[in-house]
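Chemist: Sequence isn't available, so here's the structure alone:
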């Protein structure tokens, strides 16, 4: 492998890790409601399509999440099995999502899975999401009252011994 080929391969491997870290940051910021950091995961013209819930730009997507994923909602989003392909300053990613959303105030829980299909672009600030979205493979909803013995604690709530 020549020096130029080695440099290109190292750049590709760094890009793979950067894209993986970006996706994990996106999920962490969504669940912890760090909306400024969440917004920074996207380019301004980013689009989204979550199983038919479509967003035409970053502002609309972030505003929706900020409004609908507020403090009374507990969520868990985990993306596994990344299939990331880097091509220069662009990349695609497919991820298997497992998620859970609990709204204790309304006695509601959702859990499900989906396949994310994302597009990424390298910017002067690093890799950013150009498009994100998923299609559900399943979704189940529960009434918390139907789950005997289930207790829900949000951030900052402690168990007393």
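Modeler: Received the coordinates, thanks. These numbers were taken from a predicted model, which means no experiment stands behind them.
Chemist: Residue 43 contacts residue 121, correct?
Modeler: Yes. Between residue 43 and residue 121 a contact is recorded at 6.2 Å, counting by CB atoms under 8 Å. Any C-beta I mention is one placed from the backbone N, CA and C, and that applies to glycine too.
Chemist: who touches both of those two?
Modeler: Counting by CB atoms under 8 Å, 6 or more residues apart in numbering, the residues touching both residue 43 and residue 121 are 128, 130.
Chemist: ok, the spatially most central residue of the chain - contacts?
Modeler: Centrality entry for the chain: nearest residue to the mean C-alpha point is residue 27, 3.6 Å, by CA atoms, centre = their mean. Residues counted as contacts of residue 27 (CB under 8 Å, 6+ apart) are 77, 78, 79.
Chemist: quick one: which of these is most hemmed in?
Modeler: Among the contacts of residue 27, residue 79 has the most neighbours (other CB atoms under 10 Å), with 22 neighbours.
Chemist: how many neighbours does residue 60 have?
Modeler: 14.
Chemist: in a strand, that's where it is, yeah?
Modeler: No. Per DSSP: H, G, I helix; E, B strand; the rest coil, residue 60 lies outside any strand segment and is helix.
Chemist: Can we start the residue count at 440 from this point?
Modeler: Happy to do that; since the first residue is 440 now, the last one works out to residue 499.
Chemist: Please identify which helix or strand holds residue 468.
Modeler: Element membership of residue 468 [criterion: DSSP states H and E] is helix 442-471.
Chemist: and that helix, which residues are buried?
Modeler: Within helix 442-471, the residues scored as buried using 16 or more other CB atoms under 10 Å are 454-455, 457-459, 461-462, 464-466, 468-470.
Chemist: cool, and stretch 501-510?
Modeler: 501, 504, 508.
Chemist: Make CSV from these and add pLDDT and distance to residue 586 to it.
Modeler: Below are the buried residues of stretch 501-510 laid out as CSV (pLDDT from 0 to 100; distance: CB to CB, whole Å):
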residue, pLDDT, distance to residue 586
501, 98, 32
504, 97, 26
508, 93, 22
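Chemist: With pLDDT and distance to residue 578 added, can I get the buried residues of helix 442-471 in CSV?
Modeler: CSV is the format used below for the buried residues of helix 442-471 (pLDDT from 0 to 100; distance: CB to CB, whole Å):
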residue, pLDDT, distance to residue 578
454, 95, 33
455, 95, 30
457, 97, 31
458, 98, 27
459, 97, 26
461, 98, 26
462, 98, 21
464, 98, 25
465, 98, 20
466, 98, 18
468, 98, 23
469, 97, 17
470, 97, 18
